[in-house]
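Participant: got a sequence here, can you build the structure:
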Amino acid sequence: MTNKPFNFSKLLFLFSLLLTFGFFSCSGDKKEHTEEHTEEAPQEVEEVVEEKVTETTTPSLTEQLETRVANFTEKADPEKIKKYNAAIEKVVASGILEKAKKEGDIAPNFTLPNATGEQVSLTDKTKNGYTIITWYRGGWCPYCNLTLAAWQDILPEIQAENIEFLAISPELPDSTLSTKDKNALEFEVLSDLGNKVAQEYGIVFPLDKSLREGYKNMGLEEYNGDASYTLPLAATYIINSKNEIVYAFLEADYRKRAEPRDVLQKVKDMK
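Facilitator: A predicted model of the protein is given here:
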C-alpha cells in the first residue's frame, strides 16, 4: 500500500479557520470576564443589604405621630384645625399640667379590670420592681393606636428587664378587648371607667364643648359607657417598688406621646 504525502496546505487552511473563529482566545476572554464580575459582586451584595436595612427600619413613635399630624394639617379644614388647637390651649391654660402627679409623688394605688374582666392591682405589679403605666384616650384614637403598637414592638425588651407594663383608658372592657385584639397587644389593657383613677393622678380634663358633638357622633359615650366627656392627658409614668413616681411624661397635646424606647432606657438607667 502506497502512503499518501502529508498535505500541508490543508493544515494551514484549518489553522486559519481556528484563528478566524477565535478558538485560541475564548478561554482567555472567559477568564477575564469571570474575574471582572467576581470583583464587582461584593459591592453589589453590600448595596442590596444596605437597601434592605433602610427599608425595614421602623420610624420612631415621634416620627410616626409627626407624619400623622402633617397629613391631617395638609388635608383637614383650616377651621377644624383651629378648633382642635384652641381646645389644646385651653387644657394647658387650665393648670392641669402643674396639678398632676409628678416625679417624687406617691402613685395612688388602684385595682382595675383588664380586657377579660380580671382585676389587676398596681401594688401587685410594683412589688417586684419597676412598672411603666401609660394612659391613652381610646381605641378610636389613631394617635393612641400608633402609641400602643410602638409599646408592643418593644414589649420583649421590657419583659427581658423584668419590667411591668400597663396601658389604661376610660373605655369599657369590651372596648379595650377590641383594642387589644385589633392591635395584637400582649400587655395588660385596663379600663378606668369614669376616669376615676386618672382623677386621682390629676390627669383628667373635660372635653371642650366645641368638640363634644363630633365626639358624640363618633360614639364616645358608647365606648366609655357614660356621657361625662372627660379624657385623660397623654401621660406616662414609671413607678418603683415603693410606689414612688420616678418619671412622669405629661402632655396636653394628645398628638405627642412619650417615646417608648426612651422610657425603657430611663428604667434601665435607674436599675
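
Participant: and the helices in the stretch 1-150 of the chain?
Facilitator: Assigned by DSSP state H, counting those that start in this stretch, the stretch 1-150 of the chain shows helices spanning 8-20, 23-56, 61-75, 78-93, 96-99, 122-126, 142-153.

Participant: can you tell me which of the ones you listed the model trusts least?
Facilitator: Per-segment mean pLDDT for these reaches its minimum on helix 23-56, at a mean of 38.

Participant: now the helix or strand containing residue 211: buried residues?
Facilitator: Using DSSP states H and E, residue 211 sits within helix 209-218. By neighbour count on 16 or more other C-beta atoms under 10 Å, the buried set for helix 209-218 is 211, 215. In short, each C-beta sits where N, CA and C put it, glycine included.

Participant: quick one: work out the angle between that helix and helix 78-93.
Facilitator: 110 degrees (axes from the mean of the first three to the mean of the last three C-alpha atoms, to 10 degrees).

Participant: following helix 209-218, which helix or strand shows up next?
Facilitator: Next in sequence after helix 209-218, counting helices and strands by DSSP H and E, comes helix 220-224.

Participant: that next one - contacts with which helices or strands?
Facilitator: Applying 3 or more C-beta pairs under 8 Å, 6 or more residues apart in numbering; DSSP states H and E, one finds that helix 220-224 contacts no other helix or strand.

Participant: strands of the stretch 151-271 of the chain, start to end?
Facilitator: Taking DSSP state E, counting those that start in this stretch as the test, the strands found in the stretch 151-271 of the chain are 164-169, 188-191, 204-206, 230-232, 234-239, 245-251.

Participant: neighbouring strands - and their directions - for the fourth one?
Facilitator: Right, the one you point to is strand 230-232. Here strand 230-232 is paired, per DSSP bridges, with strand 204-206 (antiparallel).

Participant: run through who's touching the strand it pairs with.
Facilitator: Applying C-beta atoms under 8 Å, 6 or more residues apart in numbering, the contact partners of strand 204-206 are 91, 94, 96, 195, 198, 229-233, 252.

Participant: mind running it again at 6 Å?
Facilitator: For strand 204-206, the surrounding residues in contact (C-beta atoms under 6 Å, 6 or more residues apart in numbering) are 91, 96, 195, 198, 230, 232.

Participant: pull out the buried residues from those residues.
Facilitator: Using 16+ other C-beta under 10 Å, the buried members of the contacts of strand 204-206 are 91, 96, 195, 198, 232.

Participant: JSON lines for these, including distance to residue 262?
Facilitator: Listed next are the buried ones among the contacts of strand 204-206 as JSON lines, based on distance: C-beta to C-beta, whole Å:
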{"residue": "91", "distance to residue 262": "23"}
{"residue": "96", "distance to residue 262": "23"}
{"residue": "195", "distance to residue 262": "26"}
{"residue": "198", "distance to residue 262": "23"}
{"residue": "232", "distance to residue 262": "20"}
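
Participant: out of the residues you listed, who's nearest residue 135?
Facilitator: residue 232 (4.2 Å; C-beta to C-beta).

Participant: spit out the contact partners of that closest one.
Facilitator: Here residue 232 is in contact with 135, 198, 203-204 (C-beta under 6 Å, 6+ apart).

Participant: skipping adjacent residues, who's closest to residue 151 in space?
Facilitator: Spatially, and ignoring its direct neighbours in sequence, residue 151 is nearest to residue 260 (5.0 Å; C-beta to C-beta, 6 or more residues apart in numbering).

Participant: what's the neighbour count on that neighbour?
Facilitator: Residue 260 has 25 neighbours, counted by other C-beta atoms under 10 Å.

Participant: hmm, back to that, CSV please, covering the strands of the stretch 151-271 of the chain and showing mean pLDDT and distance to residue 176.
Facilitator: Shown next, in CSV, are those (pLDDT from 0 to 100; distance: least, C-beta to C-beta, whole Å):
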stretch, mean pLDDT, distance to residue 176
strand 164-169, 98, 6
strand 188-191, 96, 5
strand 204-206, 98, 18
strand 230-232, 98, 14
strand 234-239, 98, 17
strand 245-251, 98, 21
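
Participant: dump the ones you listed to a markdown table, plus distance to residue 221.
Facilitator: Listed next are the strands of the stretch 151-271 of the chain as a markdown table, based on distance: least, C-beta to C-beta, whole Å:
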| stretch | distance to residue 221 |
| --- | --- |
| strand 164-169 | 15 |
| strand 188-191 | 15 |
| strand 204-206 | 14 |
| strand 230-232 | 12 |
| strand 234-239 | 22 |
| strand 245-251 | 25 |
